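Colleague: Sharing a model prediction with you, sequence too.
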Amino acid sequence: MLREIVGEAMRAPNTGNMQTYSVVYSRKGEARKALEALHFNQPASTGADLLLTVCADFNHFTRWCRLSDADPGYDNFLSFTSAMTDAVILAQQIVTAAELRGLGTCYLGTVTYNAPEIAALLELPELVVPVACLAIGWPADDGVESERLDVDAILFEDHYPQLSDDEIRKNYEAKDLYGPNEKFIKENGKQTLAQVFAEIRYPRSTNEPISDKLLAYLKTARFLK
Ligand SMILES: Cc1cc2nc3c(=O)[nH]c(=O)nc-3n(C[C@H](O)[C@H](O)[C@H](O)COP(=O)(O)O)c2cc1C
């Protein structure tokens, strides 16, 4: 079923049809346990039947170019962004193909936090960078539908509007007033939902060092000079 799902997902559009992506799957055993640890043992990582690490991969294309007497110029940031875009589109198509079969999926953003460690564990060569991880399994229940901004908060005609502070506040009411989020604020001892995001879940104090770590890793992976 995994081969079928990934095969269907590969029909997705991709840059120049170069197909600069690859997928490493982990089912069980020591390697899987080590991967879970690099995802901080999140329940979605330990509970899922399968973890898929989707990589931006210019390695195999670069090698094919060299073998075909062509000069590959893909060790740069532009090539990383194009391979990352294609890999993420592939990942989302995998989500769609899996969910159409009744499977449940969850992205693990920790793939970016620990990208160099995950790359070492999966023995990724240069020009191969993990950009998405999907936990996949048969869902235990139907789950709960979470809130979204109103479509008018993000869909604009012809130009980007100059929104007033009140309009921004109003747009975010969908999140501020969503019941489970109020619980979230209380549990974290904060006054607003934005504080939970900016001060606890995704604070500057972790964003900046992780960002630096990622930039350093992209150099090792040869996508940055
Ligand atoms: C790039 C990305 C990274 C994510 N990382 C995590 C994660 O590390 N752990 C987790 O439980 N959910 C993760 N999610 C799931 C989101 O939290 C979830 O999609 C969002 O809260 C909306 O909920 P819904 O998809 O159930 O509507 C991630 C989603 C994306 C797209």
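Modeller: Cool, the structure landed.
Colleague: okay, which residue is most central for this structure?
Modeller: Centroid-nearest residue in the chain: A132, 3.6 Å away (criterion: Cα atoms, centre = their mean).
Colleague: Pairing partners for the longest strand along the chain, with directions?
Modeller: Looking across the chain with DSSP state E, the single longest strand is strand 128-137. Next to strand 128-137 in the sheet, as set by DSSP bridges, lie strand 50-57 (antiparallel), strand 104-107 (antiparallel).
Colleague: That one vs the ligand: in contact?
Modeller: No: looking at strand 128-137 against the ligand by Cβ under 6 Å from any ligand atom, there are no contacts, and the closest approach is 6.6 Å. C-beta here means a position set from N, CA and C on the backbone, and glycine is covered the same way.
Colleague: which parts of whichever helix or strand comes after that strand are buried?
Modeller: Past strand 128-137, further along toward the C-terminus, the next helix or strand under DSSP states H and E is helix 165-171. The neighbour-count check on helix 165-171 (16 or more other Cβ atoms under 10 Å) flags N171 as buried.
Colleague: go on, stretch 125-133?
Modeller: Taking 16+ other Cβ under 10 Å as the criterion, stretch 125-133 shows 127-133 as buried.
Colleague: rewinding a little: ranking the strands paired with strand 128-137 by mean neighbour count, which comes first?
Modeller: Most buried of the strands paired with strand 128-137, by mean neighbour count (mean count of other Cβ atoms under 10 Å): strand 50-57, with a mean of 25.
Colleague: Looking at the helix or strand just after that strand now, give me its mean pLDDT.
Modeller: Per DSSP H and E, the first helix or strand lying C-terminal to strand 50-57 is helix 59-67. For helix 59-67, mean pLDDT rounds to 98.
Colleague: All set now, cheers.
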